[in-house]
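S.K.: Provide a 3D model corresponding to the input given below.
(chains A and B)
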Amino acid sequence: MALEFERPLVELEERIRALEATAAKEGLDLSEEIALLKQKFDRLQTEIYENLTPWQRVQLARAPGRPTTLDVLEHAFEDFEELKGDRAFADDPAIVAGLARFRGLEVVVAGQQKGKNTKENIRRNFGMPHPEGYRKAMRMMDLADRTGRPFITFIDTPGAYPGVAAEERGQAWVIARSIQRMARLRVPAVAVILGEGGSGGALALGVGNRVLILENAWYSVISPESCAAILWRDAKEAEKAAAALKLTARDLLGLGVVDRVIPEPGGGAHRNPEGTIRAIADALEETLKELLPLGPEALFEDRYRRFRRLGAFSEAG
Amino acid sequence: MALERFFRRRRTRGEGREVPSLWVRCPACEARVYKKDLEQNLGVCPECGYHNRIPVEDWVRLLADEGSFEVTTGKIAPVDPLGFVDTEPYPERLARYQQKTGRPDAIYGGRAAIGGVKSVLLAMDYAFAGGSMGSVVGEEIARGAELAAEENRALVIVAASGGARMQEGALSLMQMAKTTFALEKVFEKKLPYVSILTDPTTGGVTASFATLADVIFAEPGALIGFAGPRVIKQTIRQDLPEGFQRAEFLEAHGLVDRVVDRRQLKAHLVRVLRHLHPEERADGA
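M.R.: Below you'll find the model as predicted:
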C-alpha cells in the first residue's frame, strides 16, 4: 500500500511496467520510451524524497515493509539465538533479545519488535513493551557486561505501553532502571533507531556510546499525535506537531541527540529493505570499530560525556 | 437545623465576596478552611488530610534546618532550541512562567542541612509549566547531584512534574539520561539519595531520576506514574480502578518505600539520612 505522497511514483512505475509488458507481447522496441520514463521516475523520486516534510517521514517510519529488529538480526547477523523472559514475571514479545555474531564479532542484542501483520502486531503489542520487556533487556545488559560483549540495540516503538498492568508493574521505574543499567555498561553500546523512537520507551534502549538513526526514522519526547492533542487540543494537528518537535534524523543530528544518519536507499527503507539492512550493517561495523579499542572505564566515560552535555540553556547572571 | 443551614449559606456567600483571600475551599472534602490554619498545617487540610500543593520555598522551609539553606539554582536560564511555536511561541510561554514564579525555570534548591545532615535539596516547581523537565531542570538536577558528590552531601529531591517539556523536543528526553548519569557520581561516593514524590509526578521525571533514589517517599494521595490517567483511559477504553496510580496504590504494589504525611515527613527524612549518610551522625542538630 502506497503512502499519499508516493502515489505519483507508483503510477509511473505502473506505466513503465505496462510499457514493458506491451513491448514484450507485441515484439516492439519501446526501450527509448521506457528509458525516458525511468529517468523521469528517478528525477521524481529524488525530488519527492529530498523534500519530505517531517510528517511524511513519520509516515515512512511507520510504513509496513520497513526492516524490523528481527529482519536486521536475520540478515545482517549470524546465528541469532533468541533468549526470552525476564526471570520474574513473563516474556514480552514486544522486545526481542539474545546472542548473535556480527561480522565475526560476538555480541548481545535487544530491540523492540513490531508485527508484520495484524495478528503478529497484536501478539507483539505493536512494539509497545511492558515492564517485563525492559527487564529482559536489562538481563541482556548484565550478560553483555559479564561476557565483555558489545551490546547493540534496535529501537522501533511508538512508546512504552500506557496500560493499567504496565503501571501496576512499575513502567516508569523499570524505564529509569533500564536507562541506568545501560548507562553503567562497561562494554561498547550502540543504539540504532530503525523506525519510531517514541519517548522514554525508546530511550530505555537508547543509552549508547553512539546512537545511529535511519534517514526516515523519528525520535522524540512525545509522538506528534499526543503532542498535538495536548498543545493544540486536537490530534489532527499532528502534522504541525511533527514539524515543531524537530524529530527527524537530520534535526536530531544537529541537536547532538544522534551521532550518525544512515541513508535509506531511494524510495525509502520499506521499498528496499535489503539495501537498508546492508547500510545499517556497514554503519554499525564502522561504529563498533571506533569503540572496540576503548577499555571498560573509557567506554563508560565516553557515554557519560556524550549524555552529560546534551541540552540547551544560557548562563544567566 | 434548617435555619442554621440558611445562615451558614448566607454567611458563606457574603464572606466569599468581601474577603475571598482569608478562606479556601478544600478541593477534596470541600470544607472551608481558614487560610492561615492551612498554612500552619503545611498545606494539609485540617478536616480531611488532603495534601495541597505548596510553593517550593515552603518545601525548603519545611525540610531544611533553620538558617542552613543556601540557594545554588537559578544561574542558568532556558532558551528556545527548536524555535517552538504551538498556540504561542515558547519564549512567550517561558516569560509568562518566569514572571509568575520569579524563577528562570521549574526548579529551586541548594545546600542545606537536614536534621544536621549536610545535603543538597532540590524542589521542582509545578507552578512553572507543570514542573516539566527541559534542559534547565535536567542541568540543575545534574549539577545538584555533582555538588552533592563533590561536597559529600546527601541528595534530596522533591519531585512534582507533568513530565518532559515538549517544547524542547528530544533535548528534554535526553535530560532523563543526563540526570541518571549525574546520579552515578552520588552513588559512586556512597552518598544517600532520597526522593519525595508529590502530586503529580508523571512521565519522564518518574521514568528517570525520581524513581532511582535509595529511598522513595510519596505524599498521601499523590498521582504518580508513567502515563497520565487520561492517556491510559483512552488506550484501554475502560474506567480505571479506584485509587489507581495514587501513592497508596503504589505502596501496595511495592513501588515506593512509604507514604508519609507531610507533617511527619521531615522526621522520616532525617532518620533515613542519618542512617545512610556515611559521615553524618545524629548529633542532636
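S.K.: per-residue pLDDT, residue B:284?
M.R.: Predicted confidence (pLDDT) for residue B:284: 44.
S.K.: over to residue B:4?
M.R.: We note a pLDDT of 48 for residue B:4 in this prediction.
S.K.: and the residue nearest the centre of chain A?
M.R.: residue A:194 (1.7 Å; C-alpha atoms, centre = their mean).
S.K.: and the pLDDT for that one?
M.R.: Note on residue A:194: pLDDT of 98.
S.K.: residues from the stretch 51-200 of chain A in reach of chain B?
M.R.: Contact residues, the stretch 51-200 of chain A versus chain B (C-beta under 8 Å from any C-beta of the partner chain): A:160-164, A:166-173, A:175-177, A:179-180, A:183-184, A:199-200. For the C-beta atoms, the positions are set from N, CA and C on the backbone; glycine is no exception.
S.K.: drop anything exposed from these.
M.R.: A:160-164, A:166-173, A:175-177, A:179-180, A:183-184, A:199-200 (16 or more other C-beta atoms under 10 Å in any protein chain shown).
S.K.: in contact with residue 177, which residues?
M.R.: Let's take chain A. Neighbouring residues of residue A:177 by C-beta atoms under 8 Å, 6 or more residues apart in numbering or on different chains: A:134, A:138, B:212.
S.K.: if you could check chain B rather than the one you did, that'd help
M.R.: By C-beta under 8 Å, 6+ apart, the contact list for residue B:177 reads A:179, A:183, A:203, A:206, A:207, A:307, A:310, B:208.
S.K.: what strand or helix carries it?
M.R.: In the assignment (DSSP states H and E), residue B:177 maps to helix B:169-188.
S.K.: how far does that helix sit from the chain's center?
M.R.: 18 Å (C-alpha atoms, centre = their mean, to the nearest Å).
S.K.: with only the CA atoms kept, save it in CSV.
M.R.: What follows is helix B:169-188 as a C-alpha-only set of coordinates in CSV (Å, rounded to 0.1, in the frame of the first residue of the first chain):
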residue,chain,number,x,y,z
GLY,B,169,11.7,18.1,21.9
ALA,B,170,14.3,15.3,22.1
LEU,B,171,16.6,17.5,24.2
SER,B,172,14.0,17.2,27.0
LEU,B,173,14.0,13.4,26.5
MET,B,174,17.8,13.4,26.8
GLN,B,175,17.6,15.0,30.3
MET,B,176,16.3,11.7,31.5
ALA,B,177,19.6,10.1,30.6
LYS,B,178,21.7,13.1,31.7
THR,B,179,20.2,13.2,35.2
THR,B,180,20.6,9.4,35.5
PHE,B,181,24.3,9.7,34.6
ALA,B,182,24.8,12.5,37.1
LEU,B,183,23.3,10.4,39.9
GLU,B,184,26.2,7.9,39.3
LYS,B,185,28.5,10.5,41.0
VAL,B,186,26.4,10.4,44.1
PHE,B,187,26.2,6.6,44.1
GLU,B,188,30.0,6.2,43.5
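S.K.: and the next helix or strand after that helix with helix B:169-188, angle?
M.R.: Following helix B:169-188 in sequence order, the next helix or strand is strand B:193-202 (DSSP H and E). For strand B:193-202 against helix B:169-188, the angle by axes from the mean of the first three to the mean of the last three C-alpha atoms, to 10 degrees is 160 degrees.
S.K.: strand B:193-202 pairs with which strands, and in what direction?
M.R.: strand B:154-161 (parallel), strand B:215-218 (parallel), strand B:224-225 (parallel) (DSSP bridges).
S.K.: remind me which residues of the stretch 101-250 of chain A are low pLDDT?
M.R.: Within the stretch 101-250 of chain A, no range satisfies pLDDT under 70.
S.K.: residue in it nearest to chain B?
M.R.: Residue nearest to chain B within the stretch 101-250 of chain A: residue A:162 (3.3 Å; C-beta to the nearest C-beta).
S.K.: can you map out the helices along chain B?
M.R.: B:2-18, B:35-40, B:56-63, B:90-101, B:135-150, B:169-188, B:229-236, B:247-252, B:262-276 (DSSP state H).
S.K.: swap in chain A?
M.R.: A:7-26, A:31-50, A:54-61, A:69-76, A:118-123, A:131-147, A:164-168, A:171-183, A:199-203, A:224-231, A:238-244, A:249-255, A:273-291, A:296-308.
S.K.: can you put the ones you listed in CSV and add distance to residue B:60?
M.R.: CSV is the format used below for these (distance: least, C-beta to C-beta, whole Å):
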stretch, distance to residue B:60
helix A:7-26, 60
helix A:31-50, 54
helix A:54-61, 42
helix A:69-76, 47
helix A:118-123, 49
helix A:131-147, 34
helix A:164-168, 31
helix A:171-183, 25
helix A:199-203, 29
helix A:224-231, 30
helix A:238-244, 35
helix A:249-255, 34
helix A:273-291, 43
helix A:296-308, 27
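S.K.: among the ones you listed, show me which one is buried the most.
M.R.: Between these, helix A:199-203 has the highest mean count of neighbours, a mean of 29, where neighbours are mean count of other C-beta atoms under 10 Å in any protein chain shown.
S.K.: packing partners for that helix?
M.R.: strand A:151-157, helix A:171-183, helix B:169-188 (3 or more C-beta pairs under 8 Å, 6 or more residues apart in numbering or on different chains; DSSP states H and E).
S.K.: quick check: the residue of the stretch 151-285 of chain B nearest chain A.
M.R.: Taking C-beta to the nearest C-beta, the stretch 151-285 of chain B has residue B:227 as its residue nearest chain A, at 3.3 Å.
S.K.: follow-up on the earlier one: save the helices and strands packed on helix A:199-203 as a markdown table, and put in distance to residue B:42 too.
M.R.: Output for the helices and strands packed on helix A:199-203, formatted as a markdown table (distance: least, C-beta to C-beta, whole Å):
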| stretch | distance to residue B:42 |
| --- | --- |
| strand A:151-157 | 42 |
| helix A:171-183 | 27 |
| helix B:169-188 | 27 |
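S.K.: tell me the pLDDT at the residue nearest to residue B:105 when sequence neighbours are not counted?
M.R.: Leaving aside its sequence neighbours, residue B:105 sits nearest to residue B:136 (C-beta to C-beta, 6 or more residues apart in numbering or on different chains; 3.8 Å). Residue B:136 is assigned 98 on the pLDDT scale.
S.K.: which residues touch residue B:136?
M.R.: Contact partners of residue B:136, counting by C-beta under 8 Å, 6+ apart, are A:311, A:313, B:76, B:77, B:78, B:104, B:105, B:106, B:107.
S.K.: same check on residue A:84?
M.R.: When contacts are taken as C-beta under 8 Å, 6+ apart, residue A:84 is in contact with A:91, A:97, A:136.
S.K.: redo that, cut-off 7 Å
M.R.: By C-beta atoms under 7 Å, 6 or more residues apart in numbering or on different chains, the residues touching residue A:84 are residue A:91.
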